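1. what follows is a predicted structure for the sequence shown.
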Amino acid sequence: MIEKVYNMTLGNEKTIERIIQDEHIHYNHMILNKGEALPEHFSNANVYMTVLRGRLSIVLDDQLVHEYEMGSILNIPIDIKMNIRNLHQEVLELIVIKTPAPK
């Protein structure tokens with residue numbers, strides 16, 4: 001078999017999982033319910049964030065809350081303060097890709 005297969009959790013329970021972590025890319029999957037959030041942190045790589053379902057509420061550096069719906073893809077540069085949360089009833093599901101992979 002040439003390909004390597006990865007699986008991610010399906011469902012509605014809070015999930016934060018690192019699917020791929022190698023020298024090329026970090027590929028993460030997250031599911032957040034209403035009121036759930038990630039700890040505030042600084043981006044440690046160039047980040048691509050895809051909203052698979054729900055609505056993302058995000059504060060970057062000193063900006064006000066911005067909201068992004070399903071199908072939105074954000075590009076966040078390295079060293080940006082991020083506050084990611086779900087303020088809405090529907091389940092929020094994200095794919096977060098960091099490239100190049102943080103050292």
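-> Yep, that arrived.

2. could you look up the SS state of Gln63?
-> coil (DSSP: H, G, I helix; E, B strand; the rest coil).

3. and it, how many neighbours does it have?
-> As a burial measure, Gln63 scores 11 neighbours (other CB atoms under 10 Å). Glycine gets a C-beta too; all of them are placed from N, C-alpha and C.

4. ok, now Gln89?
-> Neighbours of Gln89 (other CB under 10 Å): 10.

5. separation between it and Asn75?
-> According to CB to CB, to the nearest Å, Gln89 and Asn75 sit 27 Å apart.

6. what residue ranges in the chain score low on pLDDT?
-> For the chain, not a single residue meets the criterion pLDDT under 70.

7. need the strands for it, in chain order.
-> For the chain, strands defined by DSSP state E occupy the ranges 15-21, 26-32, 41-42, 47-53, 55-60, 66-69, 73-76, 81-85, 92-98.

8. next, format those strands as CSV and append distance to Asn7 and mean neighbour count.
-> Written out in CSV, the entries for the strands of the chain read as follows (distance: least, CB to CB, whole Å; neighbours: other CB atoms under 10 Å):
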stretch, distance to Asn7, mean neighbour count
strand 15-21, 8, 13
strand 26-32, 10, 21
strand 41-42, 26, 10
strand 47-53, 15, 18
strand 55-60, 23, 18
strand 66-69, 26, 14
strand 73-76, 22, 14
strand 81-85, 23, 17
strand 92-98, 14, 21
